[in-house]
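Trainee: Sequence below, structure please.
(one chain, ligands or ions: 2)
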Amino acid sequence: MQFEVTILGSNAAIPAHGRFPSAQVLNYNGEVFLIDCGEGSQFRMNDFSIKRARLNNIFISHLHGDHYYGLIGLLNSFHLNWRENPLHIYGPSGLEEIVNVHLKHSRTELRYKIHFHPIVADVPTIVYDDNTLTVETIILNHRLPTTGYLFKEKKYLRKILADKILQYEIPHNLINEIKAGADFTDNTGKIIPNQELTVDSVPPRSYAYCSDTCYTENFVEQIRGVNLLYHEATFVHEHEARAMETFHTTSKQAGNIARLAEVDKLIVGHFSARYANLDTLLSETREVFADSYLAIEGTTFAIESSVAV
Ligand SMILES: [Zn+2]
Ligand SMILES: [Zn+2]
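Mentor: Numbers count the residues shown, from 1 in each chain. Ligands and ions are numbered 1, 2, ... in the order given. Got it, this is the predicted structure:
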């Protein structure tokens, strides 16, 4: 199953040095999830050939403009492109009012329905749940109510062994039950335990998106062991005081969260416009957590299980 994230925008506050404000696209087996939608996100989707037909869910972390100013344009393009499928938007409660005021004053009646899912940033909550994935909020500490999002794959069914199907002549209609953990009773009445018929499947994978926040360890337990963590690192460590003032994080602090949470891999982003060159920011992060990468726009990171099966 494809599970990967593509960086559309990586800069903080204002576009600079060719970098766009925050936005990412998560692809789970062809289903597209947009996480934040900074200004210019739809240009970036065109640049990186992101297909919008299966984009049905948009998650906004908070209402600073660098995280959602691209949303109105994208919603309007969906309308002009004759979108009919409903769209779900998850974000702070003020977002519905903001969108509606744009639509009202431009006298736009959308051709599709938007379902707003207002998020309260006080306790982690599952806001999305389908057959394969859940998304829960991560409570961050920023100047406005802000939530990150934790995408978790559901546990796969166990794998049934082909030679056991033949050996015990297991009928086709019982295979799903056995994959779900049931034993099998053969036609002589003998019970074959599930452990003999199946093996465990690959472990479910997970991705955590954490932007924007000051340094806090409050959510470390919630994201423990994720396969891929995106954490903001707006500043190099020399500017730690500025990071504290503005409720942002430094390179080393982001690395420290990854280390404490024992994640597999870290992406840092939300870079301050003061840095044209990000080499120091990356090397500082790697001093604390070696498997760290910059959120370079256009890069796709696979969300992979670290456990060999
Ligand atoms: Zn921001
Ligand atoms: Zn912010």
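
Trainee: Can you name the residues of this structure sitting close to ligand 1?
Mentor: Selection of the chain residues close to ligand 1 by C-beta under 5 Å from the ion yields 64, 66, 212. Any C-beta I mention is one placed from the backbone N, CA and C, and that applies to glycine too.

Trainee: Counting neighbours, what do you get for the closest residue in space to residue 79 that isn't next to it in sequence?
Mentor: The shortest distance from residue 79 to any non-neighbouring residue, by C-beta to C-beta, 6 or more residues apart in numbering, is to residue 110 (5.0 Å). Neighbours of residue 110 under the rule other C-beta atoms under 10 Å: 14.

Trainee: any idea which element residue 110 lies in?
Mentor: Counting by DSSP states H and E, no helix or strand carries residue 110.

Trainee: Who are the contact partners of it?
Mentor: By C-beta atoms under 8 Å, 6 or more residues apart in numbering, the residues touching residue 110 are 75, 78, 79, 103.

Trainee: Rebuild these as a markdown table, extending it with secondary structure and distance to ligand 2.
Mentor: As requested, these are exported to a markdown table (DSSP: H, G, I helix; E, B strand; the rest coil; distance: C-beta to the ion, whole Å):
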| residue | secondary structure | distance to ligand 2 |
| --- | --- | --- |
| 75 | helix | 21 |
| 78 | helix | 25 |
| 79 | helix | 28 |
| 103 | helix | 25 |
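
Trainee: which of the residues you listed lies closest to residue 156?
Mentor: residue 78 (32.9 Å; C-beta to C-beta).

Trainee: For the closest one, which residues are in contact?
Mentor: Residue 78 sits in contact with 52, 87, 110, 112, where contact means C-beta under 8 Å, 6+ apart.

Trainee: of those residues, closest to ligand 2?
Mentor: residue 87 (23.5 Å; C-beta to the ion).

Trainee: I figured that closest one hits residue 56, correct?
Mentor: Yes. Between residue 87 and residue 56 a contact is recorded at 6.2 Å, counting by C-beta atoms under 8 Å.

Trainee: quick one, which of these two is more surrounded?
Mentor: residue 87 (19 against 15).

Trainee: How about that one, nearest residue that isn't a chain neighbour?
Mentor: Closest to residue 87 by C-beta to C-beta, 6+ apart is residue 114, at 5.2 Å.

Trainee: list the contacts for that neighbour?
Mentor: 75, 86, 87, 88, 89, 99.

Trainee: circling back to that earlier point, quick one: which of the contacts of residue 110 is most hemmed in?
Mentor: Top of the contacts of residue 110 by neighbour count (other C-beta under 10 Å): residue 75, with 22 neighbours.

Trainee: OK, contacts around that residue?
Mentor: 87, 99, 110, 114.

Trainee: so what's the backbone phi/psi at the second one?
Mentor: It stands for residue 99. phi -60, psi -40 (degrees, to the nearest 10).

Trainee: Quick check: it touching residue 73?
Mentor: No. Between residue 99 and residue 73 no contact is recorded; they are 11.6 Å apart, counting by C-beta under 8 Å.

Trainee: Next one: the residue nearest to residue 87 from residue 253, what distance?
Mentor: 36 Å (C-beta to C-beta, to the nearest Å).

Trainee: Backbone dihedrals for the nearest residue in space to residue 122 that is not next to it in sequence, please?
Mentor: Computed as C-beta to C-beta, 6+ apart, the closest residue to residue 122 that is not its neighbour in sequence is residue 139, at 6.7 Å. Note on residue 139: its backbone torsions stand at phi -80, psi 120 [degrees, to the nearest 10].

Trainee: I'd say residue 139 and residue 123 touch.
Mentor: Yes. Using C-beta under 8 Å, residue 139 makes contact with residue 123 at a distance of 6.8 Å.

Trainee: just to revisit the earlier point, would you check which pair of the contacts of residue 78 lies furthest apart?
Mentor: Checking the contacts of residue 78 with C-beta to C-beta, the most distant pair is 52 and 110, at 15.0 Å.

Trainee: Just list whatever residues bridge to the residue nearest to residue 122.
Mentor: Counting by DSSP bridges, residue 139 forms beta bridges with residue 147.
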